[in-house]
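A.B. asks: sequence-free structure coming up:
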């Protein structure tokens, strides 16, 4: 099945959803799906990187600023958010009609991150230029896909995230989680 076919299938499945969270690891297709759904519905899709980091790529924003942005999103009648985060997103998960978890393999995630990085370098649009940054990020990507819930629970960071922890979190909302394996 092609990416476009998956997007169309998910769009049909979510046709009644007004508030959608799209969660997944790096390279899972979150932004692609969110942008396609937002264009189809003519609503705004919010990249949670922009909520967590200044300008989506800068310094980490304060918890107060993040919480204010989340509260603003929650005031909208229709919304789509996409990202990798768990902790500060709990109110979004609770309010969502549907949570889509894009579950790809570590290999697929790494491959897509590399391709995205090279393409954006060639077009001079890379928000994270430099191959040293790419290699550091690839270590994180691998960790995200391979870390266990035990490793997550040992972390002192309330914003810690990994695939296993996301799956554990989403057990709380079994009626509204859709897992797309790809």
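C.D. replies: Looks like it came in fine. Given the structure is predicted, the values throughout are model-derived calculations rather than measurements. Numbers count the residues shown, from 1 in each chain.
A.B. asks: Show me which positions of stretch 149-158 end up buried.
C.D. replies: By 16 or more other CB atoms under 10 Å, the buried positions in stretch 149-158 come out as residue 152. Backbone N, C-alpha and C define where each C-beta goes, glycine included.
A.B. asks: correction: stretch 43-51
C.D. replies: In stretch 43-51, counting by 16+ other CB under 10 Å, buried: 45, 46, 47, 48, 49, 51.
A.B. asks: Next, the contact list for the first one, please.
C.D. replies: With contacts defined as CB atoms under 8 Å, 6 or more residues apart in numbering, residue 45 is in contact with 34, 35, 37, 38, 80, 81, 82.
A.B. asks: Of those, which belong to helices?
C.D. replies: 34, 35, 37, 38 (DSSP state H).
A.B. asks: right, and the pair among the residues you listed with maximum separation?
C.D. replies: 35 and 37 (7.5 Å; CB to CB).
A.B. asks: between the two, who's got more neighbours?
C.D. replies: residue 37 (21 against 15; other CB atoms under 10 Å).
A.B. asks: From residue 84, how far off is the more buried one?
C.D. replies: Distance from residue 37 to residue 84, counting by CB to CB, to the nearest Å: 18 Å.
A.B. asks: Format the buried residues of stretch 43-51 as CSV; extra columns: pLDDT, distance to residue 105 and secondary structure.
C.D. replies: Formatted as CSV, the buried residues of stretch 43-51 follow (pLDDT from 0 to 100; distance: CB to CB, whole Å; DSSP: H, G, I helix; E, B strand; the rest coil):
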residue, pLDDT, distance to residue 105, secondary structure
45, 94, 25, strand
46, 94, 27, strand
47, 94, 23, strand
48, 94, 22, helix
49, 91, 22, helix
51, 93, 27, helix
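A.B. asks: could you dump those to CSV with distance to residue 153?
C.D. replies: Formatted as CSV, the buried residues of stretch 43-51 follow (distance: CB to CB, whole Å):
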residue, distance to residue 153
45, 31
46, 29
47, 28
48, 22
49, 25
51, 24
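A.B. asks: from the residues you listed, which is closest to residue 118?
C.D. replies: Once CB to CB is applied, the member of those that ends up nearest residue 118 is residue 49, at 20.0 Å.
A.B. asks: The closest one reaches residue 69, doesn't it?
C.D. replies: No. The pair residue 49 / residue 69 is not scored as a contact, 11.6 Å apart, by CB atoms under 8 Å.
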